[in-house]
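Asks: Give me the fold of what follows.
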Amino acid sequence: MKTAIPVFVLLMILVACTPKPFASPTSSPSTPPFSPLPLSASWEEITPIGNILADPMRYRGQEVTIVAYYRGWDLLGEAGTGPPRTRSDILVADPTGAIYIAPAGREAIKGLPLLLPFQIESTETLLRLRGTVELTERGQPYILVTKMEEIKGLPARVLLRVRRTGGFAGMDHELTATADGVLYFLDRKSRTHVRWKAAPAQIAQAVERLRPLMDGEVGTPLPDGFAYTITLQDGEQVRTATFYEGQLSEEAARALAPIQEWFGEAMERSVRPTPTPMQAYPEAVMAAVRRMAEQRGIPPEEIRVVSWEPVDWPDTSLGCPEPGMVYAQVIVPGYQVVLEVWGELHRVHTDRSGQQIVFCLP
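Replies: All right, here's what the predicted structure looks like:
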C-alpha cells in the first residue's frame, strides 16, 4: 500500500537533497536578507499573527514578516479551523494566534532543517518567515511564504517564556508573556490554550525579579514537584534557568510567585469558561462571534458581546466599504456589533441573517 507524501514535506526533502551553489560576491538576493535576531530594534518589523487574524481584509495582499513556532499539522490544537488550501498546509503560532502557511516554491524553504508535520518535537522550532497574506473564498487568512528560516531565541515582543513540567500527573504546560501584556497558556498534553491580558508593568516587574537568578538551576528537585524552565529576553541576550518548586530561597520564591499565579489563573480560565449565552442574542450576532472565534483560533467563550443594535445599511458594503470597490445601492437590514477579545474592541457589521459579516477596523 502506497503512502502519499505531503507536498510541504516533499518540497523539504527535495531542497535538502539539492546541492547548494556557492553565492557570487557580486550577486544580490531577490528579497532583502533578514537582519539577525533577537534584536528589540527589529520588533516593529514583525507583525503579530493576532493582528492579521483580527483584521484579515486590512492585510490582504500585504507582505508581512512574522516570527512564530512551527506547529506542523496543528499538533497542539491552536488553529480552530482546517487548512485553507491543501492537507499539507502547516500551522505556525506566536502568543497572539496561529495561522496556516504555504510555501510559494522550493526557494521558500531553502536551508530549513527537515521538519516533519506529525512530530511533536518539531513544535519547538522557531521560524522567521516573510510572505503575502492571502484569503480563501470564505475569508480565512493564510500566508503564502517566499522566505523562511530557523532562528534561535524568542518571538518578537515576548519577554518571558516558561515551560512547567512534572507534578503527580506529569504535566507539560507552557506560558508566554509579551511586552504588550498578552499572556498565553498552552497545555501541550490536553491541547488546551487560553489568552488574556495583564498589565505590561506587571510582566516587566516579573522579568526584573528573575534577571539576577538566571543562567543555571535554582532550588533542588523534589519527587513529583514542578520544574519551571524559564527563558527571558535580557537586552540583546536570551537567558535560561530552571527553578525547582519547593526548596527555594526567599528571593527565588518571590521571583517565581507571579509565574505561579499566572499558571493558577490559566488553569481557572481553562476549566471554568464563561460562555456567551446563545439565546441572548440574534443569530446574526452569534454568527459574528463564531466568525471572530474562527479567525482568531479561540473558543467563542473567550469573546464578549459588548453591544449590538439593528441598523439599515445604505448599501451592500454594510458600512465598511473597501477602496476601489463598487457596491449595490440597496438597503440591507442588519446589525452593528461590538465584540471584546483580550481587552480589545472590534466593530463587526452583519446583514439580518448573519450570512454576510464584515470586520471593520478595531
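
Asks: what helices or strands is the longest helix anywhere in the chain leaning on?
Replies: The helix spanning the most residues in the chain, taking DSSP state H as the definition, is helix 250-271. If contacts are counted by 3 or more C-beta pairs under 8 Å, 6 or more residues apart in numbering; DSSP states H and E, helix 250-271 sits against strand 158-166, strand 171-178, strand 182-187, strand 192-197, helix 200-210, strand 226-234. Bear in mind the C-beta positions are built from the backbone N, C-alpha and C, glycine included.

Asks: Okay, residue 88 and residue 348: tell me how far apart.
Replies: 32 Å (C-beta to C-beta, to the nearest Å).

Asks: of these two, who's got more company?
Replies: residue 348 (24 against 18; other C-beta atoms under 10 Å).

Asks: surely that one meets residue 341?
Replies: No. If you go by C-beta atoms under 8 Å, residue 348 and residue 341 don't touch, sitting 10.8 Å apart.

Asks: can you list residues touching both of the two?
Replies: residue 292 (C-beta atoms under 8 Å, 6 or more residues apart in numbering).

Asks: quick revisit: compare the helices and strands packed on helix 250-271 and say which comes out lowest on pLDDT.
Replies: The weakest mean pLDDT among these belongs to strand 192-197, with a mean of 87.

Asks: List the strands paired with it, with their directions.
Replies: strand 182-187 (antiparallel) (DSSP bridges).

Asks: picking up where we left off before, so for residue 304, which of the helices and strands packed on helix 250-271 sits nearest?
Replies: strand 192-197 (11.9 Å; C-beta to C-beta).

Asks: CA atoms of the closest one as PDB?
Replies: Provided in PDB are the C-alpha atoms of strand 192-197 (Å, rounded to 0.1, in the frame of the first residue of the first chain):
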ATOM      1  CA  THR A 192      -5.900  23.500  25.800                       C
ATOM      2  CA  HIS A 193      -5.000  27.100  25.300                       C
ATOM      3  CA  VAL A 194      -6.000  30.400  26.900                       C
ATOM      4  CA  ARG A 195      -5.100  34.000  26.300                       C
ATOM      5  CA  TRP A 196      -5.800  37.000  28.500                       C
ATOM      6  CA  LYS A 197      -4.400  40.400  29.200                       C
END
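
Asks: and it, which residues are buried?
Replies: 192-196 (16 or more other C-beta atoms under 10 Å).

Asks: Ok, stretch 286-304 next?
Replies: Per 16+ other C-beta under 10 Å, stretch 286-304 contains these buried residues: 286-289, 291-298, 300, 302-303.

Asks: Mind checking which of these are in helices?
Replies: Checking those against DSSP H, those in helices are 286-289, 291-296.

Asks: who are the neighbours in contact with the residue positioned nearest the centre of the chain?
Replies: Geometric centre of the chain, nearest residue: residue 97, 2.4 Å, by C-alpha atoms, centre = their mean. By C-beta under 8 Å, 6+ apart, the contact set of residue 97 is 48-50, 52-53, 78, 296-298.

Asks: How about the backbone phi and psi for it?
Replies: Main-chain dihedrals, residue 97, degrees, to the nearest 10: phi 160, psi -180.

Asks: Can you give me the distance of it to residue 139?
Replies: Distance from residue 97 to residue 139, by C-beta to C-beta: 15 Å.

Asks: for residue 186, same thing?
Replies: Separation of residue 186 from residue 139 (C-beta to C-beta): 26 Å.

Asks: Counting neighbours, go ahead and name the busier of these two.
Replies: Taking neighbours as other C-beta under 10 Å, residue 186 and residue 139 compare with residue 186 leading, 24 against 15.
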